[in-house]
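Asks: just to be clear, the model below is a prediction. Sequence and coordinates:
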Amino acid sequence: MNKTYYIETMGCQMNKLDSELVMVPLERAGYTKTTDIQSADVIIFNTCSVRQHAEDKVISKVGQLRSRFLKHRDFVLAIIGCMAQRMGQELLDGYPQVAVVCGPGQIHQLTDLIEKAATNLGSKKSRDDRSVALNTSEKSPELEQLDTTRQYVDTKKPFMAFVRVMRGCNNFCNYCIVPYVRGQEQYRPLKNIVDESRRLVEQGVKEITLLGQVVNHWKNQHNGHTQNLADVLHAVHEIDGLLRLRFVTSYPRNFDDNVLQAMADLPKVCPYLHLPAQSGSDRMLKAMNRHYTVGEYLDFVQKARQIVPDLSIAGDFIVGYCGEQESDQQETLTLIEKVRYKNCFVFKYSPRPGTKSEGRFADDVPPEVKQRRLVELLALQSQVSEKDNQALVGETLDVLVEGLSKKPHLDKDSKTPPPADTPQLVGRTGGDQIVVFNGDRENIGQIVPVTIKKTSALTFFGELAK
Ligand code: SF4
């Protein structure tokens with residue numbers, strides 16, 4: 001009988017990639033993907049632990065499966081990802097419907113664990129077949145093999161793929177759970193990264209995003225010389241058929257100039273950095289254990305913009321961290337104005353169990369103040385983006401076309417139906433700006449020149465250049 005699996009992914013790109021990776025052995029074992037959670041034989045939640053809200057969502061979804069479990073015991077529920085690693089046995093103890101708990105370092109075992117749990121479905125004994133697999137510290141050849149033997153499966157965004165270059169993080173920012181749940185930094189061999197990228201390009205991928213929690217920390221000893229991310233960029237850039245190459249997420253320290261130089265020299269490498277600052281206040285950066293000052297961050301931004309023309313930068317900020325005052329918030333607003341980010345992701349601080357912040361500092365900024373500070377930061381960023389984007393009206397930019405536009409932006413304005421032979425398409429510039437324009441279906445998957453006619457804070461509207 002055809003067995004089905006349902007998978008839901010929360011959190012960051014790492015999780016998205018892990019979900020793609022676990023689907024391959026599941027499908028080899030005879031499972032077919034379904035979007036109907038109610039009928040699925042296997043339900044997988046790939047979870048995030050970075051904020052309390054993300055964990056609460058998972059607990060609520062797990063709760064919704066309790067009555068089906070008690071009545072039928074006809075499915076295997078697997079919790080994978082960072083929350084699985086953080087809570088471990090607690091998830092099995094608290095929720096009888098959970099059959100498998102598997103941390104990010106053990107996902108190569110997931111299909112076996114699911115099969116084991118499935119053997120006694122329907123019987124009360126099935127609780128005996130529940131499993132926990134957690135270990136982030138060991139280098140596992142099987143885990144590496146899961147990456148290197150992957151099939152390209154993302155059908156939502158054809159032409160684009162993530163390739164992991166490293167796992168884990170050694171930074172231990174005081175608020176962050178990642179080093180505890182993803183373990184110490186481990187760098188993938190350059191050959192494996194290149195081979196995997198080449199295979200993806202052979203399967204039709206045009207844009208690769210190299211992934212790491214601190215992607216600029218990648219290193220490798222080679223013939224007595226230390227290779228760094230610049231060597232990865234050069235090697236992947238060589239692949240015929242690849243159109244674009246990006247990397248995320250960058251830490252604002254330990255960023256070698258030769259990575260910036262590679263960005264400037266290699267035409268396929270996009271002029272884009274995701275460079276979280278987290279705060280514009282030295283006092284807060286120290287409390288967060290970020291190991292840089294605002295001045296050092298700004299110096300790096302200035303140098304990066306000198307070396308990489310047209311560099312676009314996305315930022316991350318945490319508002320309402322322990323002890324944050326209005327003066328700290330003002331300094332963060334000042335930083336946003338100075339850096340002129342392309343966009344910012346802003347998060348309200350929530351203490352994570354097991355982190356240094358949770359153990360040592362009071363979460364003393366009231367929720368309504370966190371909310372107000374978040375709105376203030378986003379409002380300022382929106383003003384910055386609107387103003388800076390307007391300056392690009394009239395420019396012709398290279399856009400990698402991702403597919404048909406979901407929202408009929410242009411036609412809503414012009415009140416005319418879209419011409420059948422020139423549907424609305426959506427794509428991105430090298431600087432990661434979203435561009436909507438009318439074009440040809442054949443443009444999908446190609447880089448085309450688009451003249452920008454109008455802009456908003458988040459989207460550009462244009463016309464295919466003749
Ligand atoms: S750099 Fe800091 S915030 Fe980023 S993953 Fe590492 S510990 Fe977490």
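Replies: Thanks, I have it.
Asks: got the domain ranges for the chain?
Replies: Recorded structural domains for the chain (assignment: automatic domain parsing) are 3-133, 141-390, 396-464.
Asks: a markdown table for those domains, including mean neighbour count and mean pLDDT?
Replies: In short, each C-beta sits where N, CA and C put it, glycine included. Listed next are the domains of the chain as a markdown table, based on neighbours: other CB atoms under 10 Å; pLDDT from 0 to 100:
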| stretch | mean neighbour count | mean pLDDT |
| --- | --- | --- |
| domain 3-133 | 19 | 90 |
| domain 141-390 | 18 | 95 |
| domain 396-464 | 17 | 86 |
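Asks: same list (those domains) but as JSON lines, adding distance to the ligand.
Replies: Listed next are the domains of the chain as JSON lines, based on distance: least, CB to the nearest ligand atom, whole Å:
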{"stretch": "domain 3-133", "distance to the ligand": "8"}
{"stretch": "domain 141-390", "distance to the ligand": "3"}
{"stretch": "domain 396-464", "distance to the ligand": "20"}
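Asks: can you tell me how far R28 is from R360?
Replies: Going from R28 to R360 by CB to CB, to the nearest Å gives 46 Å.
Asks: check contacts around C102.
Replies: By CB atoms under 8 Å, 6 or more residues apart in numbering, C102 lies in contact with 78-80, 84, 109-110, 113, 131-134.
Asks: which ones among these lie within strands?
Replies: 78-80, 131-133 (DSSP state E).
Asks: which of the residues you listed lies closest to Q381?
Replies: I80 (33.3 Å; CB to CB).
Asks: my guess is that closest one contacts I44. True?
Replies: Yes. I80 is in contact with I44 according to CB atoms under 8 Å; the separation is 6.1 Å.
Asks: common neighbours of these two, please.
Replies: With CB under 8 Å, 6+ apart, I80 and I44 have common neighbours 22, 110.
Asks: need the ones in strands among the contacts of C102 in JSON lines (columns: distance to R352).
Replies: Below are the ones in strands among the contacts of C102 laid out as JSON lines (distance: CB to CB, whole Å):
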{"residue": "A78", "distance to R352": "22"}
{"residue": "I79", "distance to R352": "17"}
{"residue": "I80", "distance to R352": "18"}
{"residue": "S131", "distance to R352": "25"}
{"residue": "V132", "distance to R352": "20"}
{"residue": "A133", "distance to R352": "22"}
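Asks: end to end, how far does stretch 300-316 reach?
Replies: With CA to CA, to the nearest Å as the measure, the first residue of stretch 300-316 is 16 Å from its last.
Asks: do stretch 121-134 as well
Replies: For stretch 121-134, the end-to-end distance is 23 Å (CA to CA).
Asks: tell me which stretches of the stretch 151-300 of the chain form helices.
Replies: Remark: helices assigned in the stretch 151-300 of the chain by DSSP state H, counting those that start in this stretch are 178-182, 190-202, 229-237, 257-265, 282-288, 294-307.
Asks: between these, which gets nearest to M23?
Replies: That would be helix 190-202 among the helices of the stretch 151-300 of the chain, by CB to CB, at 15.2 Å.
Asks: from what I see, L143 and H108 are in contact.
Replies: Yes. With contact defined as CB under 8 Å, L143 reaches H108; the gap is 4.9 Å.
Asks: how close does Y272 sit to T429?
Replies: 9 Å.
Asks: off-centre distance for stretch 270-284?
Replies: 16 Å (CA atoms, centre = their mean, to the nearest Å).
Asks: the longest helix along the chain packs against which elements?
Replies: Longest helix in the chain, counting residues (DSSP state H): helix 367-390. Here helix 367-390 touches strand 312-319, helix 326-339, strand 343-348, strand 447-455, going by 3 or more CB pairs under 8 Å, 6 or more residues apart in numbering; DSSP states H and E.
Asks: rerun that using 7 Å as the cut-off
Replies: strand 312-319, helix 326-339, strand 343-348 (3 or more CB pairs under 7 Å, 6 or more residues apart in numbering; DSSP states H and E).
Asks: now the angle between strand 343-348 and it, please.
Replies: Helix 367-390 and strand 343-348 are oriented at 180 degrees to each other (axes from the mean of the first three to the mean of the last three CA atoms, to 10 degrees).
Asks: about what we covered before: what's the closest of the helices and strands packed on helix 367-390 to Q424?
Replies: strand 343-348 (21.9 Å).
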